[in-house]
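>>> How does the following fold in three dimensions:
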Amino acid sequence: MTLNLDDHWIWDSWYAHDGARWHGYFLKAPKSLGDPELRHFNVAQGHAVSDDLVTWEHLGTCFAPAPGPAWDDCTTWTGSVVRDGDGLWHLFYTGTSRREDGMYQRIGHATSRDMHGWERVGDGLCLDLAGPNAQLYEVEHAVGFWHDRAMRDPWVIRDPEGDGWLMFFTARVPGETEANNGGAIGLATSPDLVTWTLEPPVFSGGFGQLEVPQVFEHGGRWYCLFCTAAEHFSRARAEATPGGPVTGSHYLVGDGPRGPWRIAPGPFLDGALPCERYAARILETEDGLVILGFRHTTPNGQFGGYVTDPSPVVQQDDGLLKVERPSLAAE
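Below you'll find the predicted structure:
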């Protein structure tokens with residue numbers, strides 16, 4: 001009963017609840033490409049709805065790259081969806097341009113009344129690595145040192161410490177001699193979801209990239225879920241990880257949404273070699289926390305390309321998280 005399409009691969013996904021049912025948004029690309037590695041630059045965003053995160057109704061494509069030339073005419077990648085106080089829904093997404101061969105990522109903004117038909121706000125661009133705090137990020141593509149100029153996967157929440165909004169995103173910091181120690185979680189703030197100010201990163205180190213961040217509070221504790229690959233562990237983090245590096249999703253623990261954040265101690269939350277589930281999200285349901293993400297590698301070694309059924313997540317007495325059914329080998 002997974003979120004699966006016959007003719008498209010699915011990978012990164014994000015979710016919103018409208019008060020009655022779940023809306024799942026996801027990256028998709030046609031299987032007619034033949035090679036799943038080609039999916040990244042042949043992407044659109046799909047939309048499906050569900051009452052239980054298990055049985056899904058696919059509603060089709062809801063967003064796609066802009067006609068060129070445009071800052072987001074190459075890809076429209078992973079994002080998040082929130083609703084403002086007036087009931088308008090906001091999509092924040094990652095965009096890249098053909099002019100830059102998709103190597104420079106920026107963050108865009110679109111809105112919708114029905115959660116399906118999205119319209120860009122202006123030309124869509126709402127945040128770039130610019131302004132007084134840009135120097136705290138890896139602003140230029142460090143060709144030969146890292147594979148892209150990272151600024152993607154926006155995750156937007158209301159600011160629990162004020163009247164505005166917080167945006168977290170995947171980024172990198174400059175000045176690291178080890179590429180795998182430069183991964184960061186960036187931050188921007190907004191009073192109205194339209195005007196954004198780039199702030200200093202809230203975390204860096206340990207990994208070359210911390211993809212698809214999701215910041216949330218549960219049981220009075222703050223968490224930042226992220227995903228990364230075994231080859232992107234720093235040397236120090238690889239040595240400190242019980243069982244060694246794996247690919248999947250882990251998390252930071254913090255004193256609040258702005259941190260300070262630290263890598264959760266102990267075992268990696270939801271990882272394996274080869275990777276089973278990637279780009280996971282943790283959702284609050286009536287039955288407690290669950291985790292779901294896309295199936296990366298199947299038991300026969302093929303790319304999965306579908307969203308897994310949710311697995312329960314337990315908040316232990318020490319505040320650390322545990323996936324009750326971490327292995328997907330039987331699916």
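
>>> Now do the strands in the stretch 201-331 of the chain.
211-218, 221-228, 247-254, 261-263, 270-272, 277-285, 288-295, 311-315, 321-323 (DSSP state E, counting those that start in this stretch).

>>> List the strands paired with the longest one, with their directions.
Using DSSP bridges, strand 277-285 pairs in its sheet with strand 288-295 (antiparallel).

>>> got it, and the fourth one?
Each strand that pairs with strand 261-263, with its direction, by DSSP bridges: strand 247-254 (antiparallel).

>>> And for the partner strand, what's in contact with it?
Applying Cβ atoms under 8 Å, 6 or more residues apart in numbering, the contact partners of strand 247-254 are 185, 202-203, 221-230, 260-264, 268-280, 291, 293, 296, 319-321. Heads up, the C-betas are built off the backbone N, CA and C, glycines and all.

>>> secondary structure class for R39?
Secondary structure of R39, reduced to three states by DSSP: H, G, I helix; E, B strand; the rest coil: helix.

>>> Report the contact partners of the residue lying closest to it once chain neighbours are set aside.
In this structure, R39 finds its nearest non-sequential neighbour in A29, 3.6 Å apart by Cβ to Cβ, 6 or more residues apart in numbering. Contacts here follow Cβ under 8 Å, 6+ apart; on that basis A29 touches 8-9, 36, 38-40, 42-44.

>>> which of those sit farthest apart?
Largest separation among those by Cβ to Cβ: P36 and A44, giving 15.2 Å.

>>> Can you say which of the contacts of A29 are buried?
8-9, 36, 39, 43-44 (16 or more other Cβ atoms under 10 Å).

>>> quick one, what contacts R325?
For R325, the contact set (Cβ under 8 Å, 6+ apart) comprises 311-312.

>>> So what would you say the end-to-end distance of stretch 236-249 is?
18 Å (Cα to Cα, to the nearest Å).

>>> how far is it from where the chain is centred?
Distance of stretch 236-249 from the chain centroid (Cα atoms, centre = their mean, to the nearest Å) equals 20 Å.

>>> for stretch 46-57, same thing?
Put simply, stretch 46-57 sits 19 Å off its chain's centre (Cα atoms, centre = their mean).

>>> Any idea how far apart the tips of it sit?
11 Å.

>>> Next: stretch 174-190.
25 Å.

>>> what are the ranges of the helices in the chain?
235-240 (DSSP state H).

>>> if I pick the residue positioned nearest the centre of it, what's in contact with it?
The centroid of the chain falls nearest to V212 when counting by Cα atoms, centre = their mean (2.1 Å). Residues near V212 by Cβ under 8 Å, 6+ apart: 12, 78, 153, 155, 170, 225-227, 279-281.

>>> which one of these is nearest E57?
Distances from E57 to the contacts of V212, taken by Cβ to Cβ, are shortest for R281, at 19.0 Å.

>>> ok, that closest one - contacts?
By Cβ under 8 Å, 6+ apart, the contact set of R281 is 13-15, 212, 214, 225, 291-293.

>>> so what's it bridging to?
L292.

>>> And for stretch 130-146, what's in contact with it?
By Cβ under 8 Å, 6+ apart, the surrounding residues in contact with stretch 130-146 are 103-104, 129, 148-151, 171-174, 179, 182, 184, 186, 197-201, 208.

>>> what about burial for these, which qualify?
Buried members of those, scored by 16+ other Cβ under 10 Å, are 104, 129, 148-151, 171-173, 179, 182, 184, 186, 198-199, 201, 208.

>>> Those in strands, which ones?
Cross-referencing those against strands under DSSP state E gives 171-172, 184, 186, 198-199, 201.

>>> Columns distance to G244 and pLDDT on top of those, output as TSV?
Formatted as TSV, these follow (distance: Cβ to Cβ, whole Å; pLDDT from 0 to 100):
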residue	distance to G244	pLDDT
A171	26	98
R172	24	98
A184	23	98
G186	28	98
L198	35	98
E199	34	98
P201	27	98
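
>>> so what's L129 up against?
137, 139, 149, 151, 171, 198.

>>> again, 6 Å this time
Contacts for L129 (Cβ atoms under 6 Å, 6 or more residues apart in numbering) come out as 137, 139, 151.
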